[in-house]
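1. Show me the folded form of this:
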Amino acid sequence: MIQNINDILHGVSGLHTVNMIVPMGISFYTFQTMGYIIDVYRGKQSVEKNFFKLALFVSFFPQLVQGPISRFHDLSETLFSKHYFESNVVVSGLMRILWGYFKKVVIADRIITGVTTLIHSPSYYQGAYVFVAMLFYAFELYCDFTGGIDITIGIAEVMGIRVTENFNLPYFSKNIKEYWNRWHITMGTWFTDYIFYPISVCKPMLNLSKFSRKHFGEVIGKRVTVYLSAFVVWFTTGLWHGAAWNFIVWGLMNFVVIMVSQELEPLYEKFHRRFSVKGKVPYEAFQILRTFLLMSCIRMFDCYRDVPLTFKMVGTMFTKFNIGELFNGSLLSIGLSMADYIVLLVGFIVVFTVSLFKVRVGNVRTVLLQKPPIVYFGIMAVMIMLIIVFGAYGIGYDSSQFIYNQF
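-> Below is the predicted model of the structure:
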């Protein structure tokens with residue numbers, strides 16, 4: 001952030017950057033500690049007088065790296081209670097751990113090779129290649145992040161500890177607001193509870209609301225405080241991801257799209273009254289695809305890490321798109337072989353099938369545990385073999401840390 005200030009002021013600020021070594025997971029246990037302190041201050045949480053219990057809550061190791069961000073009253077229910085061995089609970093936790101490793105090692109760590117090649121050569125890979133990089137990164141991030149969370153929740157479950165869910169099939173969302181209610185859920189609720197609501201009801205904001213209603217009318221007046229509070233939330237969300245302009249613009253782009261979408265709701269309602277498409281499978285599929293592509297496009301600020309370059313590369317998808325480039329064999333020169341593409345395709349199908357099963361039937365592990373032990377132990381054995389055989393490691397691969405470690 002200091003470097004950004006110096007860039008804006010062209011070096012006249014006189015500020016100097018300082019290199020600091022910070023503990024792993026500092027942002028996540030800072031969130032948890034702040035949430036606890038604020039809840040105590042608000043009277044929503046009693047003070048934990050046992051230092052060791054509080055320290056255990058703050059430093060509970062599975063979620064230090066990338067969350068979820070737990071609230072004290074939620075995690076403490078099972079963290080501090082007595083635990084007894086329950087075979088079904090242990091098996092369920094182990095299945096979730098294996099599922100997380102499958103997504104991380106087989107899919108995310110394999111596809112990252114292609115993403116890195118496409119992103120690091122922007123002068124060569126433009127147009128249709130940017131579109132491929134966008135899709136690849138969307139799947140890489142999903143499998144990396146949700147895979148890590150699966151491992152975290154699975155480890156806790158094996159020990160009989162219940163951790164808050166952090167994802168709920170975000171790529172099935174029909175709009176961006178719904179997407180953020182499904183993606184990194186604990187972070188979204190944290191920013192809502194501890195930043196959005198306090199800002200929106202603070203005295204200066206209430207005075208601004210009265211002033212706006214008086215001078216600009218009820219329609220504009222009631223929006224000013226909501227939009228300003230949302231702006232602060234999304235600016236802070238971007239800043240949390242990294243003190244760099246690409247993350248700040250990423251956060252503000254989400255803010256703009258959500259606000260525009262809310263303003264267009266009356267038009268959506270007129271459209272739905274005119275055309276009876278709401279609730280129809282084709283239209284819902286269109287909404288899901290639209291949201292997925294829009295979020296993937298915004299996420300390119302995370303890939304290129306440079307705001308002007310990101311706008312330029314996204315623009316090439318519309319000005320230099322040549323689909324023939326994708327079928328001339330060039331995609332085999334980005335570090336992925338035909339065997340890799342086959343593994344990734346099968347992996348995507350498996351992940352999509354499991355997600356669809358969850359939507360229509362319910363939790364896969366719950367269903368499997370109702371079967372004879374030979375069934376779910378057999379599936380676990382197959383998962384272990386798949387991870388060992390098709391995991392992306394060994395010669396030619398580097399073990400990749402989880403993407404959200406950097407945050």
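2. what bits of the stretch 201-350 of the chain have low per-residue confidence?
-> Across the stretch 201-350 of the chain, nothing is flagged by pLDDT under 70.
3. what are the ranges of the helices in it?
-> Listed in chain order, the helices of the stretch 201-350 of the chain (DSSP state H, counting those that start in this stretch) span 203-216, 218-241, 245-263, 265-274, 281-298, 300-304, 307-319, 338-360.
4. and G127, which of the ones you listed is closest to it?
-> Nearest to G127 among those is helix 307-319 (4.9 Å), distances taken as C-beta to C-beta. (Glycine included, C-beta is placed from N, CA and C.)
5. Mind giving me the packing neighbours of the closest one?
-> helix 128-158, helix 245-263, helix 300-304 (3 or more C-beta pairs under 8 Å, 6 or more residues apart in numbering; DSSP states H and E).
6. sorry, back to before: with mean neighbour count and distance to F31 as added columns, please give the helices of the stretch 201-350 of the chain in TSV.
-> Putting the helices of the stretch 201-350 of the chain into TSV (neighbours: other C-beta atoms under 10 Å; distance: least, C-beta to C-beta, whole Å) gives the following:
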stretch	mean neighbour count	distance to F31
helix 203-216	13	23
helix 218-241	17	9
helix 245-263	18	16
helix 265-274	10	32
helix 281-298	15	23
helix 300-304	22	20
helix 307-319	16	27
helix 338-360	14	27
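7. Tell me which of the ones you listed sits nearest to M187.
-> M187 sits nearest to helix 218-241 of all the helices of the stretch 201-350 of the chain, at 7.8 Å, using C-beta to C-beta.
8. Name the residues that touch the closest one?
-> With contact meaning C-beta atoms under 8 Å, 6 or more residues apart in numbering, helix 218-241 is reached by 1, 27, 187, 191-192, 195-196, 199-200, 205-206, 208-210, 212-214, 216, 247-252, 254-255, 258-259, 302, 407.
9. Then stretch 341-361?
-> Surrounding stretch 341-361, the residues in contact under the criterion C-beta under 8 Å, 6+ apart are 99, 102-103, 106-107, 110-111, 139, 143, 169, 171-172, 331, 336, 364, 367, 390.
10. Quick check on those residues: which are buried?
-> Among the contacts of stretch 341-361, those buried by neighbour count (16 or more other C-beta atoms under 10 Å) are 99, 102-103, 106-107, 110-111, 139, 143, 171-172, 331, 336, 364, 390.
11. out of the residues you listed, which are inside strands?
-> Among these, none falls in strands (DSSP state E).
12. Looking at these, which two lie furthest apart in space?
-> Taking C-beta to C-beta, the two most distant members of the buried ones among the contacts of stretch 341-361 are L331 and V364; they sit 31.8 Å apart.
13. Please save the CA atoms from the helix or strand where I199 lies in PDB.
-> Assigned by DSSP states H and E, I199 falls within helix 197-200. The C-alpha trace of helix 197-200 is given here as PDB (Å, rounded to 0.1, in the frame of the first residue of the first chain):
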ATOM      1  CA  TYR A 197     -24.100  -2.900   9.700                       C
ATOM      2  CA  PRO A 198     -22.000  -0.800  12.100                       C
ATOM      3  CA  ILE A 199     -21.200   1.800   9.400                       C
ATOM      4  CA  SER A 200     -24.800   1.900   8.000                       C
END
